[in-house]
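Colleague: sequence below, structure please.
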Amino acid sequence: MHPSEKNDVHELYLMCDDIEAFIAQMKRNGVACEPVLDQRYGLFTQLTLPGGGKLRVYQPRHAQPKAMKLRKSE
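Modeller: So this is what the prediction gives:
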């Protein structure tokens with residue numbers, strides 16, 4: 001989450017470790033992604049959902065928390 005002066009727009013971004021691999025996987029599945037945008041804090045792409053909405057995906061350059069280990073249910 002990034003702070004903002006305004007709170008009237010909500011955007012959801014999915015994070016990935018490798019934006020180029022993500023785009024290649026989407027292409028193999030017939031999903032087109034927009035060209036990568038290189039921002040100082042990460043690399044971004046987006047794809048258009050069937051209803052017209054945009055799904056944004058980015059590969060961050062900032063520090064990330066360690067992945068959580070899932071426990072097997074007993």
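Colleague: okay, which residue is most central for the protein?
Modeller: Geometric centre of the chain, nearest residue: Val57, 1.9 Å, by CA atoms, centre = their mean.
Colleague: which residues does that one form beta bridges with?
Modeller: Note on Val57: beta-bridge partners Leu14, Thr45, judged by DSSP bridges.
Colleague: list the residues that contact it.
Modeller: Tyr13, Leu14, Met15, Cys16, Ile19, Phe22, Cys33, Phe44, Thr45, Gln46, Leu47 (CB atoms under 8 Å, 6 or more residues apart in numbering). (Glycine included, C-beta is placed from N, CA and C.)
Colleague: at 10 Å instead, please
Modeller: Val57 is in contact with 13-16, 19, 22-23, 26, 33, 36, 43-47, counting by CB atoms under 10 Å, 6 or more residues apart in numbering.
Colleague: where does the prediction get shaky in the chain?
Modeller: 1-4, 6-10, 64, 74 (pLDDT under 70).
Colleague: 90 instead?
Modeller: Along the chain, the model assigns pLDDT under 90 to residues 1-13, 40-41, 49-54, 61-74.
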